[in-house]
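**Q** Mind looking at a prediction? Sequence and model below.
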Amino acid sequence: MSAVNDTTETVEALNESGYKYGFVTDIESDTAPKGLNEDIVRFISAKKNEPQWLLDWRLKAFRMWLRQQDEEPVWAKVKFPPIDYQDAYYYSAPKSVDGPKSLDEVDPELLATYEKLGIPLYEQEMLAGVAVDAVFDSVSVATTFKGELEKAGVIFCPISEAVEKHPDLVRKYLGSVVPYSDNFYATLNSAVFTDGSFVYVPEGVHCPMELSTYFRINAANTGQFERTLIIAEKGSYVSYLEGCTAPMRDEHQLHAAVVELVALDDAEIKYSTVQNWYPGDEEGRGGIYNFVTKRGACRGARSKISWTQVETGSAITWKYPSCILQGDHSVGEFYSIAITNNRQQADTGTKMLHIGRNTSSTIISKGISAGRAQSTYRGLVRMQGKADNARNFTQCDSLLIGDQCGAHTVPYIEVKNRSAKVEHEATTSKISDDQMMYCQQRGMSAEEAVALIVNGFCKEVLQKLPMEFAVEAQKLVGISLEGSVG
Amino acid sequence: MLEIRNLHARVDDRDVLKGIDLSIGPGEVHAIMGPNGSGKSTLAYVLAGREGYEVTEGSIRYQGNDLLDLAIEERAREGVFLAFQYPVEIPGVTGTTFLRTAVNALRKHRGEKELDAMQFVKYVRKKQSELNISDDMLRRPVNVGFSGGEKKRNEILQMALLEPTFAVLDETDSGLDIDALKTVADGVNALRDPTRSMLVITHYQRLLDYIVPDYVHVLAGGRIIKSGGKELALELEKEGYGALTGAVAA
């Protein structure tokens, strides 16, 4: 079956107006023909005016990907029909369909969700794709932010712009954390990526704002093959948030993004994700396949990388944001909430690779399954031979709602240094009838009670989110589980 | 206010309540006493609307309406409150969040504006000092690691904030030492009001020294076998349930 047609139909069925959500900044005019071959890779590279070295890199990736055809990962606890990679567009210009003129023209169901999330009106307009010139406030705010970042010397731009304007930086770091040969999806991404962000924080600079703040205004559009690269020079700090609590619907079924983070001496990168893509309908029809490779390298001494993710959307999530703890005394953290409902499947976790001395890592994973969903935590903690006094603490908690869902924990622990300490705790629990009754006797509806109890369950992770998203994320947790009880 | 007529109820295929008649007027405090297994807690859960407690016969009218028509949360929103014998732990949810969610659920039902975090803190402050509830207790997850006394004080704080019309106190004295008992009783007495009725369920006379009821009923074998004024409790204390239940059997 055609993956693309299938989802396109789904999206159209959802939006009678035929209007597509999402935003595109640079307008291109052409669409490459369906399918994937070297010419398509060259076409993409040419469209982006890329230098020869990048084209060569893409082509190397593409040729590798061709050799990997029987290496599509099968070890995750997820099931889906084979993807026909030749039955997809790898470069398409944004549809020139006019956006709605005002919120009156937007799908009321979508507006109801915005309402529940408490998103301010002007942001609703941005998110729903109301013609940008109608939203004066937010545009000027975005411009102000841009100026502030420039003053601090922070580079924050689309990755294609970075290739043009900062080729040396891109060339030095692109593929240095996730090489093009890393895995099937990352290799595909390396060949055909078109979107994504580039962030460079100079030495000693504390990024003057959460880059999430910027996104709130600028409504990030995530592409199908997004490629993000963040570099934090010595002693710098940056907090980056991708995604949005508002529902994102997308015509592409497969999303294979790559995110690379590099933290040098004493630098800290905080990377937060709220993923709320279309999860498919109650029977599991449609929905996004979110197959993502995210990895951070703590290259410098005392550097720190912290991943926080709230995954509530997508039909299938395959994602293991990881840390390579190379620098002595470097710190890796992974805080995760994965909520699956109906027929959703999530196989997610992290890898903490301890290479340097006195490195430490913390993993807190909260998996919630409802309906007929399957949720798996899969994590690797590896202490290498030279990682003296390395520490890891892992806590994996699973919460089940109803009796048709599943929760699984698959920890891998490899220790090659006798001084290492590794702790692993895991729990599985259910929402008890007593808890429900107690909340309901106080006047809460069943849904309010579930939202409250699940938020309590996720609290340690929610607290790690940037402030302005924490409240919405709490509401999102409740909304994702609507219909899961009673 | 509340009219219970010929109430029969069944739990796990066992008939527990076998024909209860009870009328409670506005502002009245009724005590229900009785031995273990007499159906006291079942009556409390039936009034609250707990799942699995099946009414097989009889009726409960509350403020002129059929209480049994309402779901558990609807009863709560109409002013029915149950102070639990065993308050339930909710990990990760602070007392403040729990209470604000509950208060706002009721306010929403009454068509009032929901309180934001700041407004709520103000509202709580007042009630809190009356009941000797520390900030710490509100910051901790609901009932998690609470002592017996803390759990019961917390129930009464919830009652104070939710301002019910009809409150059922299910063995609120169990697990309390005499000081904690007094604090809780003071809290309850402060909430006595001509528009608020209460049903106090207890094993022992002791609680009724502090919460003095208008009426006392003795429940045994799923029926009210004797009713009287507050002096009935004293009588029971002296002679035990045995004399009374024995008398009925004879």
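**A** Perfect, I can see it now. Computed from a prediction, not measured in an experiment: that's the story for all the values here.
**Q** got any ranges where the chain has weak pLDDT?
**A** As the question left the chain open, I've gone with chain A. Within chain A, the segments meeting pLDDT under 70 span A:1-31, A:92-103, A:106-107, A:109-110, A:113-114, A:117-144, A:212-223, A:244-252, A:468, A:486.
**Q** Chain B, not that one
**A** Along chain B, segments meeting pLDDT under 70 span B:246-250.
**Q** Can you pull the residues of it lying near chain A?
**A** With the criterion set to C-beta under 8 Å from any C-beta of the partner chain, chain B comes near chain A through B:48, B:50-51, B:71-73, B:76-77, B:81-82, B:84, B:87-93, B:97-98, B:101-102, B:105-106, B:109, B:141, B:158, B:162. C-beta coordinates here come from the backbone N, C-alpha and C atoms, glycine included.
**Q** Try it again at 7 Å.
**A** Residues of chain B found near chain A (C-beta under 7 Å from any C-beta of the partner chain) are B:48, B:50, B:72-73, B:76-77, B:82, B:84, B:88, B:90-93, B:98, B:101-102, B:105-106, B:109, B:141, B:158, B:162.
**Q** Which of those residues fall within helices?
**A** Using DSSP state H to define helices, the subset of the residues of chain B next to chain A located there is B:48, B:72-73, B:76-77, B:98, B:101-102, B:105-106, B:109, B:158, B:162.
**Q** Would you tell me which helix is longest in chain B?
**A** Using DSSP H, we find that the single longest helix of chain B is helix B:231-249.
**Q** other SSEs contacting that one?
**A** In terms of contacts (3 or more C-beta pairs under 7 Å, 6 or more residues apart in numbering or on different chains; DSSP states H and E), helix B:231-249 is packed against strand B:29-33, strand B:215-220, strand B:223-228.
**Q** Dump those strands to JSON lines, plus mean neighbour count.
**A** Output for the helices and strands packed on helix B:231-249, formatted as JSON lines (neighbours: other C-beta atoms under 10 Å in any protein chain shown):
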{"stretch": "strand B:29-33", "mean neighbour count": "24"}
{"stretch": "strand B:215-220", "mean neighbour count": "22"}
{"stretch": "strand B:223-228", "mean neighbour count": "16"}
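**Q** Rebuild those strands as TSV, extending it with distance to A:C439.
**A** Shown next, in TSV, are those (distance: least, C-beta to C-beta, whole Å):
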stretch	distance to A:C439
strand B:29-33	26
strand B:215-220	28
strand B:223-228	31
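**Q** hang on, the earlier thing: just the buried residues of the longest helix of chain B, please?
**A** For helix B:231-249, burial by neighbour count (16 or more other C-beta atoms under 10 Å in any protein chain shown) applies to B:232-233, B:236, B:241, B:244-245.
**Q** Out of the residues you listed, the closest to chain A would be?
**A** Lowest distance from chain A to the buried residues of helix B:231-249 (C-beta to the nearest C-beta) belongs to B:A233, with 27.1 Å.
**Q** pretty sure the closest one contacts B:Q205?
**A** Yes: taking C-beta atoms under 7 Å as the definition, B:A233 is a contact partner of B:Q205 at 4.7 Å.
**Q** Report the buried members of the residues of chain B next to chain A.
**A** B:48, B:50, B:72-73, B:76-77, B:82, B:84, B:88, B:90-93, B:98, B:101-102, B:105-106, B:141, B:158, B:162.
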